[in-house]
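Asks: need a structure here:
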Amino acid sequence: MAACEKWQLLLVVSGVLAAFEHAYGYTEDHRICGTLPEIYFANVIGRIPGGSDIILPGNQKPCRQKPLKERYREVDGRCNHPLDFGSAMKPVKRYIKPYYQDPKGYNTPRSFSERGKHPLPSPRAISTFIHTDRRKMDRYTMWVMQLGQFIDHDITSAPVPTEHNSSIRCCGLPPDQKPEECFSIEVPRNDRVFGQCMEFVRSEPWKDDEGQVIYPREQLNALTAFLDGSAIYGSNEETLARLRTSDGKGPLLKTMVVNGKERLPQDVNADRNMCLVSRSRHSYCQLAGDERVNEQPGLGSAHLLFHLFHNYIVKALTKGILGKDMHQVLDHEVEAYLQREPTPLHEYIFQEARRIVGAVLQKITYCDWLPLIVGPALIRKYSLDCHGRSRYNKFVDPRISNSFLTVAFRFGHSLIPNQVSINHVKLELKDQFMVPDPVQLYYESILEGMQDTRSQMKFDRHYNDLDLFVGGLLEVPVRGGIVGDTFGNILANQFADLKFGDAYFFMDTSRARGFTNEQLRSIKKYTLRDIVCMCGGVKKSQRNIFRAPMGRNLQEPCDARSEFNIAPWY
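Replies: Residues are numbered from 1 along each chain as shown. Okay, here's the model as predicted:
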């Protein structure tokens with residue numbers, strides 16, 4: 001194997017990528033050195049510090065609709081990059097070229113070993129053999145997993161094809177009758193849960209303007225790649241309008257009242273495959289910025305929490321603005337003003353609140369959550385700390401990488417507990433999927449349980465026939481983190497791209513787009529615990545909500561210290 005310069009090196013451990021080193025200059029199909037099979041870069045047009053491979057699809061057009069000096073980001077992610085990278089419904093990027101099984105390497109998934117002699121084992125067999133349920137309680141709370149899923153649903157969604165607005169059926173069909181997108185999973189005969197086949201459909205491919213698949217096959221990201229609060233507001237104008245009051249022009253987000261308490265609005269157009277309503281009069285499918293809101297109670301509660309946080313910021317900002325030229329403004333006066341016919345000031349309040357909420361979400365992610373996941377060494381290596389300011393780099397490709405979307409950011413699945421606490425009762429999580437009722441009835445109780453319930457760790461040790469997901473989960477966690485070196489580098493590299501490749505990142509130095517020093521101080525002081533105290537209906541919480549309440553991190557009563565300092569905005 002040829003020798004490589006240090007900057008060209010990718011460490012390979014048991015057949016999986018274990019580290020990404022920043023590459024400087026320009027490369028073209030450079031050989032990567034390691035101790036196992038050779039891996040080659042795809043043709044890389046550019047490689048920059050803190051960035052990723054920049055590959056320009058032929059039908060990408062520059063964004064000229066508005067300059068980057070604009071104060072507010074587009075809801076669909078456009079105009080945040082000279083070539084619109086990171087906007088919704090765009091292909092993901094790759095660090096290495098795809099490895100498909102067909103002769104041209106364009107489309108067919110691998111089903112045989114590298115030398116083609118043996119079929120690859122069933123993913124279900126690997127899952128049951130290696131990733132056994134160990135029911136080991138950890139020092140972290142369920143919020144580590146739950147915020148991770150919420151972040152994931154803010155920046156990634158790989159759409160899958162459907163038939164007549166319903167899931168495609170693959171199992172039980174003769175080979176000549178199976179739809180092209182079927183890739184069903186064979187299940188061992190002795191499986192305790194499934195029959196002999198598990199339904200699985202390949203994700204939608206990237207297509208050109210005429211609807212033809214572009215090869216080699218690439219996956220799509222249906223959402224904006226940026227951590228911009230799209231899980232709250234949506235990734236298109238239609239969803240945003242459905243969420244806002246006053247026919248899509250009001251400053252508040254819509255809510256429904258259930259038993260005297262505000263809940264998420266109803267989605268009358270919900271996909272029935274993604275929401276199972278009961279006969280209860282309170283049961284309905286919830287509407288949020290991401291359609292997966294009804295997936296499980298913890299996720300729905302996180303959506304509702306940030307939904308209510310937006311309205312909390314709107315009311316605080318309105319009260320401050322009205323109070324500048326008036327007497328002390330009372331809460332009912334704020335409510336009355338927000339119900340008026342929309343004016344330009346209403347729109348300003350909405351956009352500014354959306355801007356603040358997105359910034360707080362970024363702060364919690366980068367300053368509080370991510371260091372727990374990847375550890376301090378990778379935070380330093382990729383300049384992901386929250387000190388000072390950051391500077392936008394238009395040469396950074398902010399798109400989500402394939403390895404991040406489909407593999408590395410799925411590490412959170414290993415943290416999901418088998419049971420959830422709902423109304424102070426432990427229930428099997430498998431019985432709560434796609435059921436929205438618990439959020440509508442027991443939102444406050446779910447949040448109380450999430451800040452006390454420990455995450456579950458499912459790491460084991462076995463090193464045969466590893467793919468990226470299996471190998472990544474089996475690695476020893478990095479010092480001070482939850483994931484191993486492989487996933488840690490993939491995650492840190494991606495979050496660096498989303499930091500330096502986002503013109504609207506909350507720490508950016510831009511005067512037009514950025515926050516003032518006073519505003520930034522308010523944002524950096526705010527925590528997820530503060531949001532839970534102000535908008536979650538709980539009476540007490542530990543200071544570090546991601547760690548179990550023990551030792552010096554015991555729960556304390558919520559008080560006025562959790563109020564957001566909105567004064568720098570008026």
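Asks: Could you find the closest non-adjacent residue to the residue nearest to the spatial centre of the chain?
Replies: For the chain, D152 is the residue whose C-alpha lies nearest the centre (C-alpha atoms, centre = their mean; 1.4 Å). Closest residue in space to D152, ignoring its immediate chain neighbours: F409 at 5.5 Å, by C-beta to C-beta, 6 or more residues apart in numbering. C-beta: built from backbone N, CA, C; applies to glycine.
Asks: Output the contacting helices and strands for the longest helix belonging to the chain.
Replies: Looking across the chain with DSSP state H, the single longest helix is helix 297-322. Judged by 3 or more C-beta pairs under 8 Å, 6 or more residues apart in numbering; DSSP states H and E, helix 297-322 is in contact with helix 142-155, helix 230-233, strand 261-263, helix 331-338, helix 344-363, strand 419-422, helix 437-450, helix 528-535.
Asks: So for Y100, which of these sits nearest?
Replies: Ranking the helices and strands packed on helix 297-322 by proximity to Y100 (C-beta to C-beta) places helix 142-155 first, at 25.4 Å.
Asks: give the contact list for the residue lying farthest from the centre of the chain.
Replies: Going by C-alpha atoms, centre = their mean, the residue of the chain most distant from its centre is H327, 42.9 Å out. For H327, no contacting residues are found, by C-beta atoms under 8 Å, 6 or more residues apart in numbering.
Asks: Just to be sure, it is in a helix?
Replies: No - using DSSP: H, G, I helix; E, B strand; the rest coil, the assignment for H327 is coil, not a helix.
Asks: Please report how far it lies from E333.
Replies: 9 Å (C-beta to C-beta, to the nearest Å).
Asks: Output the below-cut-off pLDDT ranges for the stretch 1-150 of the chain.
Replies: 1-69, 113-117, 126-137 (pLDDT under 70).
Asks: before we move on, the earlier item: of the helices and strands packed on helix 297-322, give the one that comes closest to L120.
Replies: Taking the helices and strands packed on helix 297-322 one by one with C-beta to C-beta, helix 142-155 is closest: 26.4 Å.
Asks: helices and strands around the closest one, which ones?
Replies: Partner elements for helix 142-155 (3+ C-beta pairs under 8 Å, 6+ apart): helix 230-233, helix 297-322, helix 370-381, helix 437-450, strand 454-457.
Asks: What is the neighbour count of P123?
Replies: 16 (other C-beta atoms under 10 Å).
Asks: list the contacts for the closest residue to R242 other than its chain neighbours?
Replies: Leaving out its chain neighbours, the residue that sits closest to R242 by C-beta to C-beta, 6+ apart is L287, at 6.5 Å. Going by C-beta under 8 Å, 6+ apart, L287 touches R242, L243, K254, L264, P265, Q266, D267, A270, V293.
Asks: Am I right that the fourth one is in contact with D290?
Replies: No - under the criterion of C-beta atoms under 8 Å, L264 makes no contact with D290, lying 11.6 Å away.
Asks: ok, back up a step: want to try a markdown table for the helices and strands packed on helix 142-155, with distance to K394, mean neighbour count and mean pLDDT as columns?
Replies: Listed next are those as a markdown table, based on distance: least, C-beta to C-beta, whole Å; neighbours: other C-beta atoms under 10 Å; pLDDT from 0 to 100:
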| stretch | distance to K394 | mean neighbour count | mean pLDDT |
| --- | --- | --- | --- |
| helix 230-233 | 21 | 26 | 98 |
| helix 297-322 | 29 | 23 | 95 |
| helix 370-381 | 23 | 20 | 97 |
| helix 437-450 | 39 | 22 | 61 |
| strand 454-457 | 38 | 20 | 54 |
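Asks: okay if I get those as JSON lines plus distance to C275?
Replies: Formatted as JSON lines, the helices and strands packed on helix 142-155 follow (distance: least, C-beta to C-beta, whole Å):
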{"stretch": "helix 230-233", "distance to C275": "17"}
{"stretch": "helix 297-322", "distance to C275": "10"}
{"stretch": "helix 370-381", "distance to C275": "30"}
{"stretch": "helix 437-450", "distance to C275": "10"}
{"stretch": "strand 454-457", "distance to C275": "26"}
